[in-house]
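**Q** Attaching a predicted model along with its sequence, questions to come.
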Amino acid sequence: MIEGIWAALFIFMLAGFTGYEVISRVPVILHTPLMSGSNFIHGIVLVGAMVALGQADTMSGKILGFVAVFLGALNAAGGYVVTERMLEMFENKKKGGA
């Protein structure tokens, strides 16, 4: 049991460091298009969190599942807000009252 917790913690830390290294090497101008293009990943994470919440047996598992669903939903909604703002930058703006 303890070995599984250490393995999961190691994988989580490794994923965090890898994600940080990958994102830190992306030019600033590409951050918004890359994040808006990855909105489908946020949706997959949200579905996975809902499945985990649905299969939780203990109260701590249900609380952790609820937090995961809540944060996943915020992440997905934020991605769509960023996409909307990015697309507004490319709209043609008409001059005058016409």
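**A** That came through fine. Residues are numbered from 1 along each chain as shown.
**Q** Please count neighbours and contacts with C-alpha atoms only from this point.
**A** OK.
**Q** Could you give the number of residues near residue 78?
**A** For residue 78, the neighbour count with other Cα atoms under 10 Å is 16.
**Q** oh, and call the first residue 431 from now on, that's how I've got it
**A** Fine by me, first position is 431 from now on; the one you just mentioned is residue 508.
**Q** which secondary structure element contains it?
**A** helix 489-519 (DSSP states H and E).
**Q** Show me what that helix is packed against.
**A** helix 458-467, helix 469-484 (3 or more Cα pairs under 8 Å, 6 or more residues apart in numbering; DSSP states H and E).
**Q** Can you spell out which helices and strands pack onto the last one?
**A** Right, the one you point to is helix 469-484. helix 489-519.
**Q** Next, the angle helix 469-484 makes with the helix it packs on.
**A** 160 degrees (axes from the mean of the first three to the mean of the last three Cα atoms, to 10 degrees).
**Q** worst-scoring helix or strand of this protein, pLDDT-wise?
**A** Least confident helix or strand of the chain, by mean pLDDT, DSSP states H and E, is helix 458-467 with a mean of 69.
**Q** I'd like to know how many residues surround the residue nearest to residue 498 when sequence neighbours are not counted.
**A** Leaving aside its chain neighbours, residue 498 sits nearest to residue 479 (5.7 Å; criterion: Cα to Cα, 6 or more residues apart in numbering). Look at residue 479: counted by other Cα under 10 Å, it has 22 neighbours.
**Q** mind listing what residue 434 touches?
**A** If you count contacts by Cα atoms under 8 Å, 6 or more residues apart in numbering, residue 434 has none.
**Q** can you count the residues close to residue 483?
**A** Residue 483, neighbours per other Cα under 10 Å, totals 19.
**Q** That one is in contact with residue 500, isn't it?
**A** No. The pair residue 483 and residue 500 does not pass the contact test of Cα atoms under 8 Å, sitting 10.9 Å apart.
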